[in-house]
Structure formats: structure tokens, C-alpha cells
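Peer 1: Have a look at this prediction, sequence included:
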Amino acid sequence: MPRPPAAAQVRETARAWAAAIVSNDPARIAAHMADDWIIVSDTGPTTREQFLALITSGRLTHSAMDTVTDPRVRVHGDTAVLTARVTNTAHYEGETHPADEWTTDVFVRGDDGDWRCVLSHITAAAPQ
């Protein structure tokens, strides 16, 4: 059976990754991340190892991760850029942190044909 177009694959990978984040399962989350993944936020960069350690320890959990705009996906060979507005609810060290953010994720297709995120960048969305 032929694989769906690359943009559809990236959208599905992003959807599955969001579900994995809400599952709070470090192995399931890690399956969608490249080994050198990094996220950049207003506090600076966080590495894959740092992020997964927070999840593993239970200090960081998520109870919601919802895409509220149609994701914009642009594929450039084996690299894809996905941009969308996302709302989420994180819980960090016992405090709840709801967020409304614009996210940009850069995915790379591996030799196995699967897409993994190498870079995430989040920016707070302006109130409407």
C-alpha cells in the first residue's frame, strides 16, 4: 500500500506526538523526536534529554495538547516545517500552566521513512 503524501505524514506524526505528550509516556514521546531535538521558548533552549527527564520524573506532565488552527506544512525534500496554533495545559512541579502558543516544528525524514522532530519553537499567542 503506498504511503500518503509527505505533508499528510507530517500532520499525522504531529498529531500522534501531541497524543504521546498527553500520555506522559517518555518512550512514546521520544519516538517522535530526533536524538538532537531541542525546543526553544521564552526561557531559552531545552534539550531532548532535559525535557524527557522532566517527564520521567513526573515534574512535568500535560493534560491537554490541542491544535486550534489547520497546521501549515511545507515539505522540502526530507525536511518539513509545520506551523500551527496550539493550546495546552502543562503541570510543572504541581502548578498548572495553560498556554496558547504558535508552534513551529521542523521534521526530518529518517532512513526508515518516518518523520521525527529536530526542532520546536514556541511563541505565546497574542490575546484576541
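Peer 2: Nice, I can see it.
Peer 1: Which helix or strand contains Asp105?
Peer 2: strand 95-109 (DSSP states H and E).
Peer 1: For that strand, which helices and strands make contact with it?
Peer 2: Packing partners of strand 95-109 (3 or more C-beta pairs under 8 Å, 6 or more residues apart in numbering; DSSP states H and E): helix 6-23, strand 79-92, strand 115-124. For glycine as for every other residue, the C-beta is placed from the backbone atoms N, C-alpha and C.
Peer 1: Pairing partners for the shortest one, with directions?
Peer 2: Partner strands and pairing direction for strand 115-124 (DSSP bridges) are strand 33-41 (parallel), strand 95-109 (antiparallel).
Peer 1: what would these look like in TSV with distance to Thr67 and mean neighbour count?
Peer 2: Below are these laid out as TSV (distance: least, C-beta to C-beta, whole Å; neighbours: other C-beta atoms under 10 Å):
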stretch	distance to Thr67	mean neighbour count
strand 33-41	17	16
strand 95-109	9	16
